[in-house]
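Enquirer: Fold the stuff below for me.
(chains A and B)
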Amino acid sequence: MNAEFRKASTAQSVRFINVGKSYGNVRAVSDVNIAIEPGQFVTLLGPSGCGKSTTLNMIAGLEMPTEGQILIGDRDVTTVKPADRDIAMVFQSYALYPHLTLYENIAFPMRARRRRTPETEVDNKVRNAARMLGLEAMLSRFPREISGGQRQRVALGRAMVRTPTVYLLDEPLSNLDQQLRVQMRSELKDLHQRLGATMLYVTHDQSEAMTLSDLIVVMSAGRIEQVGTPRELYDRPANLFVARFLGEPGMNILDGERVADRLVGAGFSLPLSTTVVASEKRLSVGLRPEDIEDDPSNDAPIKGTVRTVEFLGSRSLVRIDVGDALVSAFLPATVELVAGQAVGLRPADTNKTRFFDTQSGLAVEETVK
Amino acid sequence: MKTGTRTWLVLGCLLAALVALGPIVWAFSTSLKPTNRIFQVPPELIPSVSTLDHYARLISEGVHWAFLNSGLYAVMAVLVALTLGTVAGYSLARYPIPGKQLVLVLFVGAMAVPGFAVLLPTQLLFVNMGLYNTYIALPLLYAGHILPFAVWVTRSHFSTIPRELEQAAQIDGYSRFEAVWKVVLPGAKPALLAAATFGFLHSWNDYVTATTMVDTPGLRTLPVALIFFQGFHGRDWGALMAGVIIATIPPVVMFLLFRKYLIGGFADGSVKG
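Expert: Down below sits the predicted model:
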C-alpha cells in the first residue's frame, strides 16, 4: 500500500452537543450527544425514518441543525459549508458523476478550486487509489459501464484521495446483492484499519453495524436510544427498543409481575437478578434466542407450545407460544420438536437474562448507557 | 409485418417526403435557373443551363446583412432565454418556492398565448420605451417567446438529476454554483440543446414580429428582407428562391446536428417532472 493512504494522521474527533433538527413543526432529530474519537468506526443504526441520515447530513453540512453544536476536532463546523469541512462522503446511490470517466470521478475532489492539486500529484493519487481498490484497468470507463460493486469502489476511491478528517458513509452497501455486500463489508473493515480514519457509517442493517463498528449509536424516532460497543449493546441493551432491534431474531421479551424474588407471568416464573435496582411491580424479562435451552423437567421455568420449527443444520429456530408472547429459541437440532408439542424451557445462563421496566421500557439493571 | 402493409407504409413515407422536400428541391432548382427559363414549359427539375446570378443579386442587394441580423438576433435571444430559463428551471426544480405550481402554470400558460394577440400592445410598449426599431428589440422579444419553453424543459430535466450529485460535488470542495456548473449542467446538455435549437428555429423563422418591431433596412431579418423580392410590379422568383434556400440552411444544419436532443428534449418536457 502506498504511504499516502497509510494511517491518516488527519483523522479527527467528532462531537455532537445537544444537536436537534426540525422541519417546520416536524421534529426529525432531538438531543443528539455523541463523542467520537479519532480513528473510530462509528455506526448510526436504526429503522427507516429514525433520523440517522439527517444526523449524518448535519455532519456533512448538507443539513443545518436547528439547535446544538457540531465539532470536528476542536473546530465548530455547525454552520460551515460542506466544501469547507474537509470531510468525504460516500452516498447510498454512490453519486458518481455520469459524464466523467472513473479517473475524472476520482480526481474530481482534487481539482476543486479551493484545494487545487498539481496534476502529477492528482495522477499519482488516482492511480494509487485505483490500485488499492482494484480499479486500475477501468479508469477510462464511465460509471454506466461498470458494475454496482465497482461503482462502490469508485465512490470510496473518490473519498480516499482527499485524506479527509472524517469519512461519512450513508448506507453504502445497501444497493449491492448479498454476496457482494458481505465481500465489500470486509473490504471496508480492512480499509478502515489500513487508513486509521474516523468513519461514520449509517445503516439499518444490524449485521453490518455489529461487524464493522467500534461504536454503535442506535437511533429511533429522532432520538438516541443507546451508544455503546456492539457487545455492550447486544449483551446489555439499555431499553426494550434496543433489546428487540438488535439480534436476529431480537431479544424475547416476556411481561410479568414481581412476586417476592421472582418475576412471574403467563407461562413463566423466573428468578429476578440481584442486579435489578428498580422497585416497580410490572417488569419485563429479556432472553436472547441463543440463551434459551430446553428443559424437559416438570418444573421448567418457562412452559409453552411449539408453533413452528425451522431446521438450520446444527440447530433449529423454534418459535414457541408462551402465554401471549411468541418466544424464539435456537435449540440443538438433536432436540426433536413438532408444532403443537408442549415444551419446557430455561435460561442457559441466568447472568444473561435482562430485566426492564415494562412501562418505561428502560433496563432496570446497572446498564451501560 | 405483412408485405402489403409495408408497401402502403413506404408509399405513405414517400408521399410525406415529397410534400416536405418537394418545395425545397423545386426552390433550389429555380434558384439556379436563368430568369427566362424559370417558367419554361415543360419545366426542368435539373436545369440544363444553371447560374448563380440570383445568389449574386442577393448579395448585391445586401441580403447577407439580413442573414447576419437573423443569426445574431436568434443567438442573442437563445443566450438570454437559456441563461434566465436555466436559472428559473433550476430554482423551480430545487428550491421550495412558494406558489411554485402557479409559477409553472403561468409559464406553460404563456406558451399558449398566440403571439399575434399581444403584437400591437407590445409594439406600442416598445415605442414608448424607446426600444422600437433598435437592435435589441427582436432579441428581447424572441427571448421572451423562448423563455417559457426553456424553463419548462430545463426544470423537467433538472428534476431528474439526483440531488446527491450536487451534494457530492459540494462535499468534494465545490461551491453550489460550481457544483451546478460542473455536474448539473453537463447532465442537462440534452435539455439545453433542445431548448436552444427550438429557440433558434423560432427566432430564425419569425416574420410577423420582425416586420412589426423594426423598420430600418439595416435592422431587418432575412424573412423580412426576402419579402421585398416579391416586389410591387412582379416577383423576382429566382432571387426569392435563392433566399429561401439560404434561409433553409441554418435550421436544417441545426436539426441534423441536434435532432437527437430536440426529440429527447420535447419528450422530457412532456412526460417527466
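Enquirer: where's the lengthiest helix in chain B relative to the chain centroid, distance-wise?
Expert: Of all the elements of type helix in chain B, the one with the most residues (DSSP state H) is helix B:237-271. The chain centre lies 7 Å from the centre of helix B:237-271; the measure is CA atoms, centre = their mean, to the nearest Å.
Enquirer: now stretch B:99-115
Expert: Chain-centre distance of stretch B:99-115: 20 Å, with CA atoms, centre = their mean.
Enquirer: Next, the angle from whichever strand or helix holds B:Arg155 to helix B:237-271.
Expert: Element membership for B:Arg155 (DSSP states H and E) is helix B:137-160. Orientation check (axes from the mean of the first three to the mean of the last three CA atoms, to 10 degrees): helix B:137-160 against helix B:237-271 gives 30 degrees.
Enquirer: do helix B:137-160 and chain A meet at all?
Expert: No: using CB under 8 Å from any CB of the partner chain, we find that helix B:137-160 stays clear of chain A, coming within 11.7 Å at best. No exception for glycine: its C-beta is placed from N, CA and C like everyone else's.
Enquirer: Work out the gap between that helix and the centre of the chain.
Expert: Centroid displacement of helix B:137-160 relative to its chain, using CA atoms, centre = their mean, is 12 Å.
Enquirer: Quick check, pLDDT for residue 185.
Expert: Answering for chain A, as no chain was given. pLDDT for A:Arg185: 86.
Enquirer: try chain B instead
Expert: 91.
Enquirer: and it, what element?
Expert: Using DSSP H and E, B:Leu185 sits in helix B:185-187.
Enquirer: Just the buried residues of that helix, please?
Expert: By 16 or more other CB atoms under 10 Å in any protein chain shown, the buried positions in helix B:185-187 come out as B:Leu185, B:Gly187.
Enquirer: and what of stretch B:163-176?
Expert: So for stretch B:163-176, counting by 16+ other CB under 10 Å, buried means B:164-176.
Enquirer: got it, and stretch B:213-223?
Expert: Using 16+ other CB under 10 Å as the test for burial, stretch B:213-223 gives B:Met213, B:Val214, B:Leu219, B:Arg220, B:Thr221, B:Leu222, B:Pro223.
Enquirer: Would you mind listing the two of those that lie farthest apart?
Expert: Pairwise distances across the buried residues of stretch B:213-223 peak at 15.1 Å for B:Met213 and B:Leu222 (criterion: CB to CB).
Enquirer: returning to what we had before: now the helix holding B:Leu185, how far from the centre of its chain.
Expert: With CA atoms, centre = their mean, you get 22 Å for helix B:185-187.
Enquirer: hmm, it touching chain A?
Expert: Yes: using CB under 8 Å from any CB, helix B:185-187 reaches chain A at B:Pro186, B:Gly187.
Enquirer: What is the subsequent helix or strand relative to that helix?
Expert: With elements assigned by DSSP H and E, the helix or strand that comes after helix B:185-187 is helix B:189-205.
Enquirer: So which other helices or strands are in contact with that following helix?
Expert: helix B:63-94, helix B:137-160, helix B:237-271 (3 or more CB pairs under 8 Å, 6 or more residues apart in numbering or on different chains; DSSP states H and E).
Enquirer: what residues does the helix holding B:Leu185 touch?
Expert: Helix B:185-187 has contacts (CB atoms under 8 Å, 6 or more residues apart in numbering or on different chains) with A:Pro98, A:His99, B:Thr86, B:His157, B:Ile161, B:Leu165, B:Leu192.
Enquirer: Skipping adjacent residues, who's closest to the last one in space?
Expert: Spelled out, that is B:Leu192. Excluding the flanking residues, the one nearest B:Leu192 by CB to CB, 6 or more residues apart in numbering or on different chains is B:Leu82, at 6.4 Å.
Enquirer: hang on, isn't that neighbour packed against B:Thr197?
Expert: No: taking CB atoms under 8 Å as the definition, B:Leu82 is not a contact partner of B:Thr197, at 10.9 Å.
Enquirer: What residue in chain A comes nearest to chain B?
Expert: For chain A, the residue closest to chain B is A:Ala112, as judged by CB to the nearest CB, at 3.1 Å.
Enquirer: what sits against that residue?
Expert: A:Ala83, B:Asp172, B:Gly173, B:Tyr174, B:Glu178.
Enquirer: State the pLDDT value of the closest residue in space to it that isn't next to it in sequence.
Expert: Closest residue to A:Ala112 in three dimensions, ignoring its sequence neighbours and counting by CB to CB, 6+ apart: B:Gly173, at 3.1 Å. B:Gly173 is assigned 91 on the pLDDT scale.
Enquirer: that's a strand at B:Gly173, yeah?
Expert: No: under DSSP: H, G, I helix; E, B strand; the rest coil, B:Gly173 sits outside any strand and is assigned coil.
Enquirer: Count the neighbours of B:Thr95 for me.
Expert: Slight slip there: residue B:95 is Tyr, not Thr. Counted with other CB atoms under 10 Å in any protein chain shown, residues neighbouring B:Tyr95 total 8.
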